[in-house]
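S.K.: Sequence first, then the predicted structure, then my questions.
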Amino acid sequence: MPSALVYILIVTKYGKKKQVSNKLLKFKEVEDIHELYGQYDIIAKISAPDMRRLEDFIQKNIRNIKEIEGTQTLVVSDIPTK
């Protein structure tokens, strides 16, 4: 079970939403994505074993997708267990 979880709201360059979605789906850290209407184009649920690895993943992978214009990262403060 991951101990680091974020949701990233993504703004893509015009007409690049599907291309970014397909790139994101290739990463094992990306648990789920949804394409949106409105201010943001995509929301992605991303997890990792710890915050350091999550930060590394975002810096090395998400930030290097050239079709992304901007992001807003929402860090989950509590992951409930059943």
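M.R.: Arrived safely, thanks for sending.
S.K.: can you give me the helices for this structure?
M.R.: 17-24, 51-60 (DSSP state H).
S.K.: got a markdown table for those helices, with mean neighbour count, mean pLDDT and distance to Ile8 too?
M.R.: Every C-beta, even on glycine, is put in place using the N, C-alpha and C of the backbone. Formatted as a markdown table, these follow (neighbours: other Cβ atoms under 10 Å; pLDDT from 0 to 100; distance: least, Cβ to Cβ, whole Å):
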| stretch | mean neighbour count | mean pLDDT | distance to Ile8 |
| --- | --- | --- | --- |
| helix 17-24 | 17 | 97 | 9 |
| helix 51-60 | 14 | 94 | 7 |
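S.K.: With distance to Ile33 added, can I get those in TSV?
M.R.: Output for these, formatted as TSV (distance: least, Cβ to Cβ, whole Å):
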stretch	distance to Ile33
helix 17-24	5
helix 51-60	14
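S.K.: Identify whichever of those helices lies nearest to Val6.
M.R.: Closest to Val6 of these is helix 51-60 (Cβ to Cβ; 6.4 Å).
S.K.: Touching the closest one from outside, list them.
M.R.: Outside of helix 51-60, the residues within contact range by Cβ atoms under 8 Å, 6 or more residues apart in numbering are 3-6, 8, 27, 29, 46-48, 73.
S.K.: who wins for neighbours among those?
M.R.: Highest neighbour count within the contacts of helix 51-60, by other Cβ atoms under 10 Å: Ile46, with 23 neighbours.
S.K.: Report the beta-bridge partner residues of it.
M.R.: Listed beta-bridge partners, Ile46: Val6, Val30 (assigned using DSSP bridges).
S.K.: right, and it touches Leu5 too?
M.R.: Yes - when contacts are counted by Cβ atoms under 8 Å, Ile46 is listed as touching Leu5 (7.4 Å).
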